[in-house]
Each structure stands twice: as structure tokens, then as C-alpha cells.
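> 3D model of this:
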Amino acid sequence: MKARTLMRNASVTLAAILFATVANVRDGRAGTPAPAGEAADACAAPEYHQFDFWIGDWDAFDLDKPDVTVARNRVHIILGGCVLLEDYLGADGHEGQSFSIYDASRKVWHQSWVTNRGQLLVIEGKMEGDEMVLSGADKDANGHDRLVRGIWKPVPGGVRETAVRSSDGGKTWQPWFDMMFRPHAADASDSPGDDAKIVAALDSEYQAAVKRNDSAAMDRILADDFVLVTGSGKTNTKQDLLSDARSGKDTYEHNEELEKKVRVYGDTAIVTAKLWEKGKSGDREFDHTIWFSDTYVRRPGGWKYVFGQSSYPPPNTP
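Numbers count the residues shown, from 1 in each chain. Sure thing, here's the model as predicted:
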């Protein structure tokens with residue numbers, strides 16, 4: 001949530017821990033990995049992906065000034081599909097990150113927001129219809145208790161985030177901000193390194209969606225004119241892959257990328273990697289490693305997976 005006035009100051013220790021974690025993500029450093037397959041399986045349930053509509057590379061606008069970009073906001077899925085990481089860079093120098101996760105033990109969504117101005121806000125809630133509604137409390141500039149509520153909703157052309165506050169225990173609510181996220185428009189300030197990280201994360205998200213037969217996530221990432229060519233020469237369209245996922249005929253124990261490399265050429269990105277696939281297709285078991293090449297293109301709605309080509313699995317060798 002984008003704080004525009006003072007919130008509760010975070011402790012130095014907590015801020016240091018959270019920002020060190022984010023720095024590791026930004027710098028591409030990883031902690032000790034979980035055993036293959038466990039992380040994706042842990043968060044495969046649909047509830048963990050209710051907030052996926054917010055994933056993307058966004059330009060943020062106040063609704064009353066739709067032509068003035070107030071921030072760049074990048075929302076990634078991390079930690080095996082379990083967590084959404086928001087990276088907010090305001091035009092006024094205000095920076096912040098939030099971590100959002102579904103807590104299955106309590107059946108609630110949790111978000112922690114921290115900033116470069118020493119601010120901390122913790123909010124929780126759930127999906128209500130097609131809206132994510134999260135609420136919490138902070139203090140105003142005079143130290144008085146205050147309630148806050150944020151609402152995220154997918155709308156044509158992006159995502160809308162609305163926030164309100166109450167200083168009388170929820171009896172009345174006042175507008176805080178009303179913000180629109182639209183897909184980021186590429187400009188001269190964009191670096192190939194940033195795009196490579198975004199595409200790499202998107203490609204990992206796609207493979208995780210394939211593993212759990214998540215047709216909704218696949219639909220969002222695949223371009224409508226997507227084509228996959230396999231090593232045998234067979235071609236598959238987007239609808240072919242979505243139909244397979246919905247049928248559930250293929251079940252995966254492993255669907256992990258190895259030796260991945262992303263190369264960016266303007267509005268086109270090429271991902272090459274090995275893919276370890278292990279599972280069952282109907283009654284037939286499979287366990288093989290293939291090389292693949294995936295092509296992503298930057299379109300008005302963000303990066304889209306437009307073309308894939310995979311090798312034929314080599315025969316098993318000792």
C-alpha cells in the first residue's frame with residue numbers, strides 16, 4: 001500500500017532484515033534452495049494465486065491525474081509461487097517493497113509494507129468477489145490510532161488500488177488515494193538487465209503453472225497467437241495447452257528449469273534452458289530432460305510468451 005503520510009516507524013532491526021532480503025532478490029542472490037518440487041507443491045492450491053492479477057510491470061497513476069506517472073511498480077512472484085514481491089519506485093523518491101502471502105493456517109492474506117522513509121504497515125484480509133480487501137491499523141502524525149483499508153481490483157487496462165482511512169474506529173471513512181496501474185510503457189531508462197529479470201521470473205512462473213495445471217496463470221502469460229513446436233515437429237497452440245491443463249491428463253512430479261539464460265533484444269527476449277520433466281501422462285510415465293527455447297515479446301499488456309521450441313528427449317543413457 002502506498003503511504004502518503006507518516007505511518008508507524010519500523011524498527012531498525014526489522015527494516016534491515018527486510019531490506020537485506022529484498023536486496024538479495026534484486027541482486028539475483030539466492031538462499032539455500034528447497035528440495036526440487038517441494039516449494040511449488042507447497043503453494044499449488046488456487047487460494048495462493050488469488051492475487052496473481054496484480055503481477056506485472058506497471059506504471060502507476062493517480063486516478064484524478066491519469067496522464068502523470070507517479071511511480072513504477074513491479075510485482076513479481078517469488079519463492080516457488082508462494083509470495084508476491086512488490087517493488088515500488090515513486091517519482092518523488094519514495095521507495096517501498098511489500099511481501100504478500102496467503103496464510104493457509106488462518107485462511108487470510110497477509111501483506112507487510114516497508115519504505116525508505118522508515119514506514120511499516122501490516123494489513124490482512126481476503127478476496128471478496130473480484131476484489132482483494134486488506135485492512136490494518138497505523139498512527140497519524142499526532143500518534144493517534146487510525147484504521148486503513150486497501151482494495152485491489154482487476155479492471156480493463158490494468159489494476160485499480162483504492163485506499164481509505166478512519167480515525168473514529170471505522171464509523172466513518174475518508175479517501176486516502178485512488179491509483180491505477182497500467183502496463184509499463186518502455187522508455188530510454190529501461191535497462192536490458194531489468195527486462196531479463198522480469199522475463200526470467202515470468203518464465204519460471206509459467207513452468208510452475210504448467211506443473212500444477214494452472215490454466216488461468218498459463219492463459220495470462222501466453223500470447224493469444226502462441227505456438228509451440230516440439231522436437232517431433234508437432235505444433236501446439238495456446239488453446240491446445242490450456243485444454244491439456246484443464247483436462248489434468250498430465251501430472252508432474254518435476255517440471256524444473258536448469259541452466260537458464262535470458263537474452264534481451266529490445267522488445268524481444270529469448271530464454272534458453274534445460275527442462276527436467278517427470279510425471280505421468282495418462283498411464284504412461286515419463287522422466288526426461290529437454291532443451292527448449294522460449295520467445296517473449298513486449299506488448300501493450302506487458303511481456304507475453306509468443307513462441308516455444310523444444311528438443312526431442314534423448315534416449316536414456318547410463
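> Gly90 - how many residues pack around it?
18 (other CB atoms under 10 Å). The way it works is simple: take the backbone N, C-alpha and C, and place the C-beta from them, glycine included.
> all helices of the stretch 201-318 of the chain, in order?
All helices of the stretch 201-318 of the chain, identified by DSSP state H, counting those that start in this stretch, fall at 215-221, 238-247.
> Give the buried residues for the last one.
Of the residues in helix 238-247, those with enough neighbours to count as buried (16 or more other CB atoms under 10 Å) are Lys238, Leu241, Leu242, Asp244, Ala245.
> which residues does the closest residue to the second one other than its chain neighbours contact?
Take Leu241 and drop its neighbours on the chain: the residue closest to it by CB to CB, 6 or more residues apart in numbering is Met218, 6.4 Å away. With contacts defined as CB atoms under 8 Å, 6 or more residues apart in numbering, Met218 is in contact with Tyr206, Ala209, Val210, Leu241, Leu242, Ala245.
> Report the separation between Met218 and Arg182.
Here Met218 is placed at a distance of 23 Å from Arg182 (CB to CB, to the nearest Å).
> for the buried residues of helix 238-247, which one is nearest Ser105?
Proximity of those to Ser105, judged by CB to CB, is greatest for Ala245, which lies at 28.2 Å.
> Next one: that closest one relative to Tyr88, how far apart?
Distance, Ala245 to Tyr88, using CB to CB: 32 Å.
> Check Arg284 too.
47 Å.
> Pick out whichever of those two has more residues nearby.
More crowded of Arg284 and Tyr88, by other CB under 10 Å: Tyr88, with 20 against 8.
> So Lys107 sits against Lys126, correct?
Yes - under the criterion of CB atoms under 8 Å, Lys107 makes contact with Lys126 at 7.4 Å.
> Compare those two (neighbour count), which wins?
Using other CB under 10 Å, the more surrounded residue of Lys107 and Lys126 is Lys126, with 14 against 9.
> what element comes up after the helix or strand harbouring that one heading to the C-terminus?
Lys126 is part of strand 119-128 when elements are defined by DSSP states H and E. The first helix or strand that comes after strand 119-128 along the chain, using DSSP H and E, is strand 131-139.
> Tell me the gap between that next one and the middle of its chain.
With CA atoms, centre = their mean, to the nearest Å as the basis, strand 131-139 stands 20 Å off its chain's centre.
> For that strand, which strands pair with it and how are they oriented?
strand 119-128 (antiparallel), strand 145-155 (antiparallel) (DSSP bridges).
> helix, strand or coil for the nearest residue to Val262 once chain neighbours are set aside?
Distance criterion CB to CB, 6+ apart; nearest residue to Val262, sequence neighbours excluded, is Ala196 at 4.4 Å. Following DSSP: H, G, I helix; E, B strand; the rest coil, we place Ala196 in the helix state.
> Hmm, Ile270 and Ala196 touching each other?
No - if you go by CB under 8 Å, Ala196 and Ile270 don't touch, sitting 10.3 Å apart.
> The closest residue to Glu47 other than its chain neighbours and Pro46, how far apart?
Of all residues not flanking Glu47 in the chain, Tyr102 sits nearest, at 5.2 Å (CB to CB, 6+ apart). Shown here: Tyr102 relative to Pro46, a distance of 10 Å by CB to CB.
> if you count what's nearby, which of the two comes out ahead?
Shown here are Tyr102 and Pro46; by other CB under 10 Å, Tyr102 has more neighbours (23 against 11).
> so what's the more buried one bridging to?
The residues listed as beta-bridge partners of Tyr102 by DSSP bridges are Trp109.
> pLDDT wise, what is it at?
On the pLDDT scale, Tyr102 is placed at 97.
> gap between it and Trp54?
13 Å.
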